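**Student:** Have a look at this prediction, sequence included:
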Amino acid sequence: MRTDSRSLAIRRIRHSFAEDRTTADRVRSELGPLLKLRDQPHVHVLVTDGVAMLHGDVSDIPTRAAVEAKVLDVAGVRGLRSKLHIGLLRSDTRPSAGRQHSASNRWAAQPALAIGIMGSASPPIHNGSRLAARELGRAVARAGCTLVTGACPGLPDDAVKGAKESGGLVIGISPALSAEEHVDRFASPLAGFDLVIFTGSGLMGREVINIRTSDMVVIIAGHSGTLGEFAIAYDEGRLIGVLTGTGGVADLIESLVPQLSKETGARVLYDDDPDRLVSRLIDYYVTQHAHRPHVFANPGAGVRVP
C-alpha cells in the first residue's frame, strides 16, 4: 500500500512538473512578440504550481504592466510573482542590437501616464461604487500612473484616497479661481492632492481641461456631468475605460456607443475589475493608442513605441 501511495505521489509530481513546463513555454511564446515589439531584453520565466515567476529588466512601468498583464492572460497561469526591475543596463541585450538605449527607449523622456477618473460627485452614490472607486485609485497608483480628477467630492475623491493609500501622485483640476472659492463655493476637498490647478473656468470649462490633462479616462457610475465628460473624451478621440457594474452612466455607455455615428478615433474598453481595467488601458495605450492619442495629433505624431 505504501509503495502504491508513493508511486501515485511521484506520478502527481511529475504531472505537475510537466504542466508547469508546458505553461512556462506558453508564457515565453506569448511574451516573445510583445518584448520584440517594445525592444525589450529577454525575461526569465519559471512556473511552479501554476504560479509564473518573472525575472529581468524592462525599460519602464507601462512595459512592466503590459508584460504582467500578458502573462496573467496565458492559459494555465494561476498566479504571478513579478521581479521585473525598471531600468535597463548597457549590458542588457535588446532585439535592436547596436541601438543606443537612450535613443530607442522613447518612453524614457515621457512623464508618467495620467489616468483621469470621472464619476459621481453628488448623491445618490452606492457604497459598492465607493469601494470600487477607492480600489480604482489604488490600481492607478500601483501601475505607476498619475491620477487626475476634477478635485471634486464623491467617487473621484474616493479614488484620490485609494491612490494616496498606495503612494500615488494625484493632480486635481479645480473649477475655482482660488483655494477659498474651491472650498466655499464648490464645496470641494483639497486634502490628498499633490497639486491642484485652479482653472477659474467653472464646472463645464473644467471638464475640458480635466480630459486634456489625462492620457486616458475611466468612467465610474456618474450622472449628467460624467456623461458630459464621456462625450468630450469620445469626441476628442481619447482612450476610455468604463468600470461596469457601478451603475449610473457607466452602465449605459455600452448601449450608447453604437448609436454614435461619428468616428473620432476614440476607443472604449469595458471591465468590472479595477485592476484589470487599468492594466488593459495601459497595455492598449502603449501598444496602439499612443500613435494617435487624440484628434489633435497627426497619425503617428503621438508617443511612439519601438
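**Tutor:** Alright, I've got the coordinates.

**Student:** Go ahead and report the secondary structure state at Thr264.
**Tutor:** The local conformation at Thr264, judged by DSSP: H, G, I helix; E, B strand; the rest coil, is coil.

**Student:** Tell me the pLDDT of the nearest residue to it once chain neighbours are set aside.
**Tutor:** The spatially closest residue to Thr264, leaving aside those adjacent along the chain, is Gly237, at 4.4 Å (CB to CB, 6 or more residues apart in numbering). Any C-beta I mention is one placed from the backbone N, CA and C, and that applies to glycine too. Looking at Gly237, its pLDDT stands at 94.

**Student:** Same check on Arg94?
**Tutor:** Per-residue confidence (pLDDT) for Arg94: 62.

**Student:** which residues pair with the residue nearest to Ala114 when sequence neighbours are not counted across the strands?
**Tutor:** Closest residue in space to Ala114, ignoring its immediate chain neighbours: Thr146 at 4.5 Å, by CB to CB, 6+ apart. Beta-bridge partners for Thr146, by DSSP bridges, are Ala114, Leu169.

**Student:** start to end distance for stretch 235-253?
**Tutor:** End-to-end distance of stretch 235-253 (CA to CA, to the nearest Å): 14 Å.

**Student:** Give me the distance between it and the centre of its chain.
**Tutor:** Centroid separation between stretch 235-253 and its chain, computed with CA atoms, centre = their mean, to the nearest Å, is 15 Å.

**Student:** quick one on the thing from earlier: element containing the residue nearest to Thr264, please.
**Tutor:** Counting by DSSP states H and E, there is no helix or strand that carries Gly237.

**Student:** Could you measure from it over to His294?
**Tutor:** 5 Å (CB to CB, to the nearest Å).

**Student:** Overlap of the contact sets of these two?
**Tutor:** Taking CB atoms under 8 Å, 6 or more residues apart in numbering as the contact rule, Gly237 and His294 both touch Gly265.

**Student:** so Thr287 touches Ala66, yeah?
**Tutor:** Yes: using CB atoms under 8 Å, Thr287 makes contact with Ala66 at a distance of 6.9 Å.

**Student:** Looking only at neighbour counts, state which of the two leads.
**Tutor:** Between Thr287 and Ala66, counted using other CB atoms under 10 Å, Ala66 has the larger neighbour count: 27 against 16.

**Student:** The residue nearest to the more buried one when sequence neighbours are not counted is in what secondary structure piece?
**Tutor:** Closest residue to Ala66 apart from its sequence neighbours, by CB to CB, 6+ apart: Asp283 at 4.4 Å. Element membership for Asp283, per DSSP H and E: helix 274-287.

**Student:** do the same with Val47
**Tutor:** Here Val47 sits within strand 44-48, counting by DSSP H and E.

**Student:** Adjacent strands (with direction) for that strand?
**Tutor:** For strand 44-48, pairing defined by DSSP bridges yields strand 51-58 (antiparallel).

**Student:** How about the partner strand, which residues are buried there?
**Tutor:** For strand 51-58, burial by neighbour count (16 or more other CB atoms under 10 Å) applies to Ala52, Met53, Leu54, Gly56, Asp57, Val58.

**Student:** ok, and what's touching whichever helix or strand comes after it?
**Tutor:** Of the helices and strands lying after strand 51-58 in sequence (DSSP H and E), the nearest is helix 61-72. For helix 61-72, the external contacting residues (CB under 8 Å, 6+ apart) are 27, 30-31, 34-35, 38, 40, 43, 45, 52, 54, 58, 77, 80, 82, 84, 86, 107, 112-113, 143-145, 276, 279-280, 282-283, 285-287.

**Student:** picking up where we left off before, contact partners for the residue nearest to Thr264?
**Tutor:** Contacts of Gly237 (CB under 8 Å, 6+ apart): Thr264, Gly265, Ala266, Arg292, Pro293, His294, Val295.

**Student:** Let me have those in CSV, extended by distance to Glu181, neighbour count and pLDDT.
**Tutor:** Formatted as CSV, the contacts of Gly237 follow (distance: CB to CB, whole Å; neighbours: other CB atoms under 10 Å; pLDDT from 0 to 100):
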residue, distance to Glu181, neighbour count, pLDDT
Thr264, 33, 14, 91
Gly265, 36, 16, 91
Ala266, 33, 20, 94
Arg292, 37, 16, 78
Pro293, 32, 19, 80
His294, 30, 19, 80
Val295, 32, 12, 74
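
**Student:** contacting residues around Ile125?
**Tutor:** Going by CB under 8 Å, 6+ apart, Ile125 touches Gly154, Leu155, Ala221.

**Student:** So which of the residues you listed wins on neighbours?
**Tutor:** Among the contacts of Ile125, the one with the most neighbours (other CB under 10 Å) is Leu155, at 32 neighbours.
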